[in-house]
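S.K.: Starting from these lines, generate the structure:
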Amino acid sequence: MRRKIEMFVHGLARRQARSAKAQILIRDGRHVDDSLTEVWDKLAEEGLVGMTMLGRHLLETGQLRDEIDLDEVRDVLWNYLAIDTYERLVLARGWSLDRYADWVAHAIISAITRG
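M.R.: Now for the predicted structure:
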């Protein structure tokens with residue numbers, strides 16, 4: 001299960017590297033161009049759906065903390081995998097894509113799995 005999370009995060013990080021600037025433009029642009037609000041809301045909704053699906057799958061493995069539920073797993077995934085985290089660590093702080101992905105994967109694993 002840990003390897004599954006690592007593989008997922010590394011794949012997502014590569015996709016974020018290709019789409020981050022567009023996502024950030026939409027995220028920030030919605031404050032001055034109302035037409036971008038619907039696009040951003042759709043991106044956020046799709047992200048939550050994806051994290052819910054992944055969270056459900058991870059829960060089915062039986063390897064997550066006993067007290068954790070689907071809502072918490074989804075929210076942890078959604079938070080750590082947000083474009084904001086990529087923006088801060090890779091774009092602003094200059095982390096390599098691998099360093100970023102390794103850190104995010106470790107943070108997620110620490111947050112949702114059994115000690």
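S.K.: thought residue 76 was touching residue 112?
M.R.: Yes - contact criterion C-beta atoms under 8 Å: residue 76 and residue 112 qualify, at 5.6 Å. Every C-beta, even on glycine, is put in place using the N, C-alpha and C of the backbone.
S.K.: In terms of packing, which of these two has more residues around it?
M.R.: residue 112 (21 against 18; other C-beta atoms under 10 Å).
S.K.: isn't that one right next to residue 54, touching?
M.R.: No - using C-beta under 8 Å, residue 112 is not in contact with residue 54; the gap is 10.8 Å.
S.K.: how many neighbours does residue 58 have?
M.R.: 23.
S.K.: Doesn't it belong to a helix?
M.R.: Yes - under DSSP: H, G, I helix; E, B strand; the rest coil, residue 58 falls within a helix.
S.K.: Poorly predicted segments of the protein, please.
M.R.: Confidence mapping of the chain against pLDDT under 70 gives the ranges 115.
S.K.: element containing the closest residue in space to residue 97 that isn't next to it in sequence, please.
M.R.: Closest residue to residue 97 apart from its sequence neighbours, by C-beta to C-beta, 6 or more residues apart in numbering: residue 13 at 5.4 Å. Residue 13 belongs to helix 2-29 when assigned by DSSP states H and E.
S.K.: residues of that helix that come out buried?
M.R.: Buried positions in helix 2-29, judged by neighbour count with 16 or more other C-beta atoms under 10 Å: 5-6, 8-10, 12-13, 16, 20, 23, 26-27.
S.K.: thinking the residue nearest to residue 97 is in contact with residue 85, fair?
M.R.: No - look at residue 13 against residue 85 with C-beta under 8 Å: they stay out of range, at 10.2 Å.
S.K.: Find residues that contact each of the two.
M.R.: Counting by C-beta atoms under 8 Å, 6 or more residues apart in numbering, the contacts common to residue 13 and residue 85 are residue 104.
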